[in-house]
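Engineer: Prediction below, plus the sequence it came from.
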Amino acid sequence: MPDSFSPARHHWVLPFAACASDEWLPAVKAMPSTSFHHFGKLLQGMKEVHSDRGDVYSLSPPHERVQARALGLPATDGLIPWAAWQQLKATEVCDGKAWAYITPCHWAMGRELATMTDPAALGLQENESRTLLAAMQPYFETYGVTLHYSEPTRWLAEGELFRNLPSASLDRVLGRNVAPWLPGAGSVAANRFGAGPPQAEAAPSEGSVLHDVKSVGASAMRLLQNEMQMLLYTHTVNDARAASRQPAVNSFWISGSGALPENFSPKPQADVVLSRSLAQAAFIDNWAAYAQAWAALDAGEAARLLALQQGGETVRLSLCGERHAVSFETTKTGIFSRMTKLFSPQPLPAVLEQL
């Protein structure tokens, strides 16, 4: 469905409103209707203005595609240039260079799988992060990449090899087997989650970019992954972390790769709010916490948007699953608005099942 691009002043993006886990739907159906009290009233004054159809194997999840569209960013799968966008916001200059995020992280090593743990759980301090960056910088420079410190678990990396190198969002890989999501790893659907019987390869959506194992960028990043794992294994930062029983920083993740078009001009930004509480519960399969997060969101942000809507403001709500996203916006006054009040809106759980 094409987006109406109506000028909503307030836009709420809700990631992981639906999840691919088999346990998600029973958890939602077990929630009391009071968990969606304000959501129901909010949707009653809205109409659907856009739907984004995808699959669970895309490198860029639905909420990132929604955000990119709202900002006017390029939205090729795996090449939404989030790092370049951050650089533009910091410098107010579109330099046309290619950028990516580098996230120092911990991979939990099993017998056959390496699983990405949440980088936020590392408790990495700035001095540790800067020390690791300095140690890793010479290796990256051999591939034409310059690292810049941004925050403890997210660095900026500038280099031409990121221009056409698709990368998977951290939200795709947290808690999952990392191997199938690495640059150049291929796109076999069954292997994305490291389990289950073989399945047919998923057909890419229009405009998506498939990993190319022969690409220079992908090969360089795989070599760097191996080199950094050896470097980090014996690094003094990790020795100190081991002594205090903290998990080691034993690898890094690439995301947000790509470049902005020259003379890029972003859209005027609305008041965009993105809530992470559902995602945090979903990543650890804590469905009790997930239900509590829904209730808190209903009492908080949903109630706030409802008050704005009832006060005459135009608001937008984007519900995002792991496959699809759907956006609703305040209806204009007039006959259409009056007609919608004659019908009961679709219950929120039924909307979520379509995501």
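Structural biologist: Ah, there it is.

Engineer: Run through the strands of the stretch 1-150 of the chain in chain order.
Structural biologist: Using DSSP state E, counting those that start in this stretch, the strands of the stretch 1-150 of the chain run over 10-14, 46-52, 98-105, 107-109, 114-116, 146-151.

Engineer: can you list these in JSON lines and add mean pLDDT, distance to residue 29 and mean neighbour count?
Structural biologist: Where C-beta positions appear, they are placed from N, C-alpha and C, glycine not excepted. Shown next, in JSON lines, are those (pLDDT from 0 to 100; distance: least, CB to CB, whole Å; neighbours: other CB atoms under 10 Å):
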{"stretch": "strand 10-14", "mean pLDDT": "93", "distance to residue 29": "18", "mean neighbour count": "22"}
{"stretch": "strand 46-52", "mean pLDDT": "92", "distance to residue 29": "23", "mean neighbour count": "18"}
{"stretch": "strand 98-105", "mean pLDDT": "97", "distance to residue 29": "34", "mean neighbour count": "24"}
{"stretch": "strand 107-109", "mean pLDDT": "91", "distance to residue 29": "32", "mean neighbour count": "16"}
{"stretch": "strand 114-116", "mean pLDDT": "92", "distance to residue 29": "29", "mean neighbour count": "19"}
{"stretch": "strand 146-151", "mean pLDDT": "97", "distance to residue 29": "39", "mean neighbour count": "15"}
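
Engineer: possible to save the ones you listed as TSV with distance to residue 247?
Structural biologist: Below are the strands of the stretch 1-150 of the chain laid out as TSV (distance: least, CB to CB, whole Å):
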stretch	distance to residue 247
strand 10-14	30
strand 46-52	35
strand 98-105	9
strand 107-109	8
strand 114-116	12
strand 146-151	18
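
Engineer: Which one, of the ones you listed, ends up nearest to residue 173?
Structural biologist: With respect to residue 173, and counting by CB to CB, the nearest of these is strand 114-116 at 4.8 Å.

Engineer: Out of the strands of the stretch 1-150 of the chain, which gets nearest to residue 220?
Structural biologist: Using CB to CB, the strands of the stretch 1-150 of the chain put strand 98-105 closest to residue 220, at 11.8 Å.

Engineer: List the strands paired with the closest one, with their directions.
Structural biologist: Here strand 98-105 has these sheet partners by DSSP bridges: strand 154-158 (antiparallel), strand 251-259 (antiparallel).

Engineer: right, so of those strands, which gets closest to residue 77?
Structural biologist: Judging the strands paired with strand 98-105 by CB to CB, what sits closest to residue 77 is strand 251-259, at 10.7 Å.

Engineer: quick one: low-confidence ranges for the stretch 251-355 of the chain?
Structural biologist: For the stretch 251-355 of the chain, the stretches with pLDDT under 70 are 268-270, 333-345.

Engineer: and what of the stretch 101-250 of the chain?
Structural biologist: If you take pLDDT under 70 as the line, the stretch 101-250 of the chain has these spans: 186-215.

Engineer: ok so, going back, for residue 38, which of the strands of the stretch 1-150 of the chain is the nearest?
Structural biologist: Here strand 10-14 is closest among the strands of the stretch 1-150 of the chain (CB to CB), at 11.7 Å.

Engineer: for that closest one, the distance to its chain's centre please.
Structural biologist: 14 Å (CA atoms, centre = their mean, to the nearest Å).

Engineer: do stretch 119-131 as well
Structural biologist: The chain centre lies 21 Å from the centre of stretch 119-131; the measure is CA atoms, centre = their mean.

Engineer: Nearest to residue 32, out of the strands of the stretch 1-150 of the chain?
Structural biologist: Across the strands of the stretch 1-150 of the chain, residue 32 has its closest neighbour in strand 10-14 (19.0 Å, CB to CB).
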